[in-house]
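Asker: Got a predicted structure here, sequence first:
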Amino acid sequence: MPKHEYDLLVIGSGPAGQKAAIAAAKMRKKVVVVDRKALVGGVCVHTGTIPSKTFREAVLYLTGFSQRSFYGRDYRVKENITIQDLMFRVNAVIQKEHEVINNQLRRNQVAVVDGFARFVDPHTVDVSPGIGQPNCRVTADHVLIACGTRPAHTEAIPLDGKRIFDSDQLPDIEHLPREIIVAGAGVVGLEFACMFAALNVEVTLVDQRPTLLEFADREIIESLVFQLRGRGTILRLGEKVSSVKIDEDRNRVSVKMESGKTIHSESLLYTVGRQANTDSLNLEAVGIEPASRGQLKVNEYFQTSVPHIYAAGDVIGFPALASTSMEQGRLASCHMFGTPSTLNPNLLPYGIYTIPEISMVGFTEEHLTRERIPYEVGVAKYEELAKGQMLGDEHGMLKILFCPEKFKILGVHIIGDRAAEIIHIGQAAMSLGAPLQYFRDTVFNYPTLAEAYKVAALDGLNKLS
């Protein structure tokens, strides 16, 4: 292989790109990242994970949502919450994360070239900084495509950024609506629907699928739906949006369904899927064919059809989580420089930041039933835990699925406060092959939510006695 200017060229500085670049740098490789310097950190920091989760924390704090079981449904920390109140916290966190990532790249001597990348040949990209600035050319032995995604659009939904907007445009709306239609009940749509509902906005959630989050445990999703309906959210599942119009006279949005129904609202949030940012890379120059929404197909080592060109992160599709993207990027670097490893897809944790949180690892009851794998269930309800009472979480639940003969832990599913934190206890036990009795025999700090594992283990074992 001919020697080029860099050992690794990374296109995109989101979670996958960052971790790939730093992993390669720690292996003493010469690394360059191509991205806009103002957007270092990628979608994760600027328009996706960090803003949306910070937005959620601001909603929970300013609405006093977690305190309502003690102080009443009308309790609020701030009476009139504005979009500016919420974005104040978001912008502060974005700025700090941006600085942290820049410092990490600098500390590891990773070069950052400002601009947009476009392939010239399989080892060369042109970088365009912007109008009026000269292009530069970068060559590398290996390339990692980690350019992320953006909200998918369709001509049937005329986004204006004011009354009809996507998740990227949400921070720029002038005021919080009194009512909103959320079109698309995937993870992003569900998370924002929950946030608006917590703000006492009237929410209508529309999705063409008959059920929510089909990859998640049904009992967990049923609990989420129950709590959403309790906050006044209207769910219109099995319905597909055919057209959207703005009624200028009434300052309303009209949404027509394929079923013939028409619903109206003050605004609409469009969250139907993501489009990979590969359309500007000139992939034809390297012989890579993207899928319909621009995603790239890779093997277990994150190689594309061109062996020295890798891809990781949201650009390769499901699960499209910041956490998994980080590991995909790191493992791609390990493989290209001679220390290959793989992910165990059965032990990836999922954190869904609805209100309440949902998190899971391992198999669902539905999967085990479909595969005819015998299992038993142990359940702990937050209302049984002193910590759950302190937090005011009346509906939280942790369930453990396990083999009734060998006591192998098959899955852990949680809905409730801090679910995405405590899921890692179950993940660690599963990774190390600990049996269910581990939780029975372990002392947990009291009071904590972590002791839900002990309660659930005892519940499951009692069913077998």
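Answerer: Received the coordinates, thanks.

Asker: Low-confidence regions, the protein specifically.
Answerer: Applying pLDDT under 70 to the chain flags the ranges 1-2, 131-132.

Asker: Centre-most residue in it?
Answerer: In the chain, the residue lying closest to the centroid (Cα atoms, centre = their mean) is Leu321, at 4.5 Å.

Asker: Look up how far Gly411 lies from the nearest residue to that one once chain neighbours are set aside.
Answerer: Leaving aside its chain neighbours, Leu321 sits nearest to Tyr350 (7.0 Å; criterion: Cβ to Cβ, 6 or more residues apart in numbering). To be clear about C-beta, it is placed using only N, CA and C from the backbone, and glycine gets the same treatment. Remark: distance between Tyr350 and Gly411 (Cβ to Cβ, to the nearest Å) = 11 Å.

Asker: which of those two has more neighbours?
Answerer: Between Tyr350 and Gly411, Gly411 has the larger neighbour count (other Cβ atoms under 10 Å), namely 22 against 19.

Asker: residue contacts, the more buried one?
Answerer: When contacts are counted by Cβ atoms under 8 Å, 6 or more residues apart in numbering, Gly411 touches 217, 360-365, 368, 400-401.

Asker: That one sits in which helix or strand?
Answerer: strand 409-415 (DSSP states H and E).

Asker: Parallel or antiparallel, list what pairs with that strand.
Answerer: Here strand 409-415 has these sheet partners by DSSP bridges: strand 358-362 (antiparallel), strand 397-402 (antiparallel).

Asker: Going by neighbour count, which residues of the shortest one are buried?
Answerer: For strand 358-362, burial by neighbour count (16 or more other Cβ atoms under 10 Å) applies to 358-362.

Asker: Just put those residues in a markdown table and tack on distance to Phe407.
Answerer: Converted to a markdown table, those look like this (distance: Cβ to Cβ, whole Å):
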| residue | distance to Phe407 |
| --- | --- |
| Ile358 | 25 |
| Ser359 | 22 |
| Met360 | 20 |
| Val361 | 17 |
| Gly362 | 14 |
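
Asker: Just give me the closest of those residues to Asn102.
Answerer: Using Cβ to Cβ, Ser359 comes nearest to Asn102 of those, at 30.1 Å.

Asker: So what sits opposite the closest one in the bridge?
Answerer: With DSSP bridges as the rule, Ser359 is bridged to Gly351, Ile414.

Asker: Tell me what Leu268 is bridged to.
Answerer: Ile164, Ile181.

Asker: hang on, it packs against Ala183?
Answerer: Yes: contact criterion Cβ atoms under 8 Å: Leu268 and Ala183 qualify, at 6.1 Å.

Asker: Next one: Pro175 relative to Asp247, how far apart?
Answerer: Check again: residue 175 is His, not Pro. 18 Å.

Asker: repeat for Ala332
Answerer: In terms of Cβ to Cβ, Ala332 sits 49 Å off from Asp247.

Asker: Those two: who's more crowded?
Answerer: Ala332 (31 against 11).

Asker: pretty sure that one is touching Ala21, no?
Answerer: No: using Cβ under 8 Å, Ala332 is not in contact with Ala21, being 10.5 Å away.

Asker: which residues do these two both contact?
Answerer: In contact with both Ala332 and Ala21: no residue, using Cβ under 8 Å, 6+ apart.

Asker: in the stretch 151-300 of the chain, which spans are helices?
Answerer: 187-198, 218-230 (DSSP state H, counting those that start in this stretch).

Asker: from the chain's centre, how far out does stretch 300-311 sit?
Answerer: Taking Cα atoms, centre = their mean, to the nearest Å, one finds the center of stretch 300-311 at 23 Å from the center of the full chain.

Asker: same deal with stretch 360-378?
Answerer: Distance of stretch 360-378 from its chain centroid, counting by Cα atoms, centre = their mean, is 24 Å.

Asker: And for that stretch, what's in contact with it?
Answerer: Looking at what lies outside stretch 360-378 - Cβ under 8 Å, 6+ apart - the contacts are 215-220, 346-350, 399-405, 409-414, 423, 426-427, 430, 436, 456-461, 463-464.

Asker: Likewise for stretch 280-288?
Answerer: Contacts of stretch 280-288 (Cβ under 8 Å, 6+ apart): 11, 116-122, 145, 147, 289-290, 296, 304-306, 309.

Asker: Can you list which of the residues you listed are found in strands?
Answerer: 11, 116-121, 145, 309 (DSSP state E).

Asker: which one of the residues you listed has the most neighbours?
Answerer: Ile145 (33 neighbours).

Asker: pretty sure that residue is in contact with Lys297, am I right?
Answerer: No: between Ile145 and Lys297 there is no contact under Cβ under 8 Å: 11.7 Å.

Asker: Now the common contact residues for these two.
Answerer: What both Ile145 and Lys297 touch, as defined by Cβ under 8 Å, 6+ apart, is the set Thr304.

Asker: from memory Leu190 sits against Pro356, does it?
Answerer: No: contact between Leu190 and Pro356 fails when scored by Cβ under 8 Å: they sit 11.6 Å apart.

Asker: which residues are common contacts for these two?
Answerer: Common neighbours of Leu190 and Pro356 (Cβ under 8 Å, 6+ apart) are Leu224.

Asker: List the residues that contact Ile164.
Answerer: So Ile164 contacts 157-158, 244, 246, 253, 267-268, 270 (Cβ under 8 Å, 6+ apart).
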